[in-house]
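> what's the 3D shape of this:
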Amino acid sequence: MLVIPAIDLVAGKCVRLYQGDFERQMTYEKDPVEQAREFQSAGFKRLHVVDLEGARSGSGHNRQMIRDVIDAVGIPVQVGGGIRSSEDVSELLDWGAQYLILGTVVLREPERVTRWVEKWSPSAFIISLDFKGKKLHSQGWMEQSSVELKKALDRICRWGIAQVICTDIERDGTLKQPHYSTYIELVPQLTREITLIAAGGISRLEHISRLEKIGVKGVVVGRALYEGQIAWEKLVHAG
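This is a model prediction of the structure:
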């Protein structure tokens, strides 16, 4: 099980949103670069960095901070939020991002993703499937998509992208347990080659253990790390 600490950015600061609501934002005092270095020093093998403002607006608002975080650590960084153009992809990969997380563009402009995969390889990307109830959401979780899950999964298989993050919006930032039923339904629909990463509500070691038994291969953890819900050393070795 790969445990990935999250650094979510608003105005260059580490934050957590409650169920994706910008009106219910928790801002943490630690500088994102310092936070990234501490996660690396603790032994985590990958970082999850998301420009929340970019996800909502479609343009990068925290790009310089993202670059600073990438430069500050020697572990892989997966970056999301506001990646909508070829220029965005080229810039972030040039800066050293290991993986780019694609969400809104997957649902709205799949033909663009097809071109990116052909140019940069499927291994450069992670697909983000963000659920609220049974429906996929986009645009920083602000909009419900009309795209059905099966269609989104067909696209992922066609592209050959081997990593998928599934976020439970209703549980994100709540410290409540995940909706396990979401992952129980999703795992059988994915090929064995796809690594499923869960996010949202993961705040206890038993949450991780149960997700692993379901077939989830990675988790993103945010608020529980910032607020001391789980000892970092236990999370590092959870897998």
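> neighbours of P178, how many?
Per other C-beta atoms under 10 Å, the neighbour tally for P178 reads 27. Backbone N, C-alpha and C define where each C-beta goes, glycine included.
> and the pLDDT at the nearest residue to it once chain neighbours are set aside?
Using C-beta to C-beta, 6 or more residues apart in numbering and skipping the chain neighbours, the partner closest in space to P178 is G201 (4.7 Å). Per-residue pLDDT puts G201 at 87.
> which residues touch G201?
Neighbour list for G201: D168, R171, D172, T174, L175, K176, Q177, P178, H179, H207 [criterion: C-beta atoms under 8 Å, 6 or more residues apart in numbering].
> tell me the contacts of the first one?
With C-beta under 8 Å, 6+ apart as the criterion, the residues that contact D168 are F131, P178, H179, T182, A198, A199, G200, G201.
> quick one: the spatially closest residue to it that is not a sequence neighbour from K30, how far?
The shortest distance from D168 to any non-neighbouring residue, by C-beta to C-beta, 6+ apart, is to G200 (3.5 Å). Between G200 and K30 the distance is 22 Å, computed by C-beta to C-beta, to the nearest Å.
> equivalent analysis for E206, please.
27 Å.
> among those two, which residue is more densely surrounded?
K30 (13 against 9).
> now do the contacts for the more buried one.
By C-beta under 8 Å, 6+ apart, the residues touching K30 are C14, E38.
> by contact count, what packs against whichever helix or strand V106 is part of?
Using DSSP states H and E, V106 sits in helix 104-108. Applying 3 or more C-beta pairs under 8 Å, 6 or more residues apart in numbering; DSSP states H and E, we find helix 104-108 packed against helix 110-120, strand 135-138, helix 149-159.
> repeat that with 6 Å
Packing partners of helix 104-108 (3 or more C-beta pairs under 6 Å, 6 or more residues apart in numbering; DSSP states H and E): helix 110-120.
> so the helix it packs on versus helix 149-159, what angle?
Orientation note: helix 110-120 sits at an angle of 20 degrees relative to helix 149-159 (axes from the mean of the first three to the mean of the last three C-alpha atoms, to 10 degrees).
> quick one: buried residues of helix 110-120?
Of all the residues in helix 110-120, those buried under the rule 16 or more other C-beta atoms under 10 Å are P110, R112, V113, W116, V117.
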